[in-house]
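Student: show me the folded form of this:
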Amino acid sequence: MSESLPPEGHAPAEGLRERKRRATRQRIAEVGLQLFLTNGYESTTLDAIAAEAGISRRTFFSYFKSKDDVILSWQEAGWAGIHRELLQVSPDLAPLDAVRDVLVSHISRYTTEQMAAIDRLMRSSESLLARKQAYYAEQEKQLFATLCEVWRQPERRMTLRVVAMASLGAMRLAIQTWQEQSGQPKPVASYLKEAFDTLKSEL
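Tutor: Okay, here's the model as predicted:
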């Protein structure tokens, strides 16, 4: 079955209501993350997040379905930034190199301490771990769609699908290796570069 190119489109200008809703969602996410880091994931209740964010429990559910969604919203925001950056790269670049550069640049913005704190949160909940695996699969599809918007030649779609799969695999391997490291800790970005270097040398 042939793949169709993702449709081109222009997002409508964001109105005041949408800006307020986005700001409220971001505030809830920031409050939730801080409470998770301070008190632990399991010890932080929805009521505590709502109270700290200055909203009702009912309003919380207008923005998030669960505590898991608060954590995953940070990943969603990060990936949204990655996709925006990829859409700005030149189609003259090799797709794998472009993805590598954007991913390494993005992950380099986080300190080792920040990455470790988020990693501990993600691993503190079985439901979060399960959803994280499913999330990788969804991001692979979205990455492929983004690549198709930059490199629009139909004959390149198979290559772009392989790039999306390999890039997500490299990121997962880098994070796993970083988690298992001993001795003087290295940042995730170093492992990510190594993973892509290994990938390129074997292709």
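
Student: over to Y41: give its phi and psi.
Tutor: Phi and psi for Y41, reported as degrees, to the nearest 10, are phi -70, psi -50.

Student: correction: the previous question concerned S125.
Tutor: Dihedral angles of S125 (phi, psi; degrees, to the nearest 10) stand at phi -130, psi 130.

Student: leaving out chain neighbours, which residue sits closest to it?
Tutor: Nearest residue to S125, sequence neighbours excluded (CB to CB, 6 or more residues apart in numbering): Y41, at 5.5 Å. Glycine gets a C-beta too; all of them are placed from N, C-alpha and C.

Student: export the lowest-mean-pLDDT helix or strand in the chain to CSV, keeping only CA atoms.
Tutor: Sorting the helices and strands of the chain by mean pLDDT, DSSP states H and E puts helix 112-123 at the bottom, at a mean of 81. The C-alpha coordinates for helix 112-123 follow below in CSV (Å, rounded to 0.1, in the frame of the first residue of the first chain):
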residue,chain,number,x,y,z
THR,A,112,22.1,15.7,33.7
GLU,A,113,20.3,16.5,37.0
GLN,A,114,17.1,17.5,35.1
MET,A,115,17.2,14.3,33.0
ALA,A,116,17.9,12.1,36.0
ALA,A,117,14.9,13.7,37.9
ILE,A,118,12.5,13.2,35.0
ASP,A,119,13.8,9.7,34.5
ARG,A,120,13.2,8.7,38.1
LEU,A,121,9.7,10.0,37.8
MET,A,122,9.0,8.0,34.7
ARG,A,123,10.3,4.9,36.3
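
Student: by contact count, what packs against whatever helix or strand comes next after that helix?
Tutor: For helix 112-123, the succeeding helix or strand toward the C-terminus, using DSSP states H and E, is helix 126-150. In this structure, helix 126-150 packs against helix 67-86, helix 95-107, helix 112-123, helix 157-180, with contacts taken as 3 or more CB pairs under 8 Å, 6 or more residues apart in numbering; DSSP states H and E.

Student: on that earlier part again, which strands and helices sit next to the least confident helix or strand of the chain?
Tutor: helix 16-39, helix 67-86, helix 126-150, helix 157-180.

Student: give me the mean pLDDT for the shortest one.
Tutor: Averaged across helix 67-86, the pLDDT comes to 90.

Student: in it, what's buried?
Tutor: Within helix 67-86, the residues that count as buried by 16 or more other CB atoms under 10 Å are 67-73, 75, 79, 82-83, 85-86.

Student: so what does it touch, helix or strand wise?
Tutor: Counting by 3+ CB pairs under 8 Å, 6+ apart, helix 67-86 packs on helix 16-39, helix 46-53, helix 95-107, helix 112-123, helix 126-150.

Student: contacts for the second one next, please.
Tutor: Applying CB atoms under 8 Å, 6 or more residues apart in numbering, the contact partners of helix 46-53 are 24, 27-28, 31-32, 35, 39, 56-57, 59-60, 67, 70.
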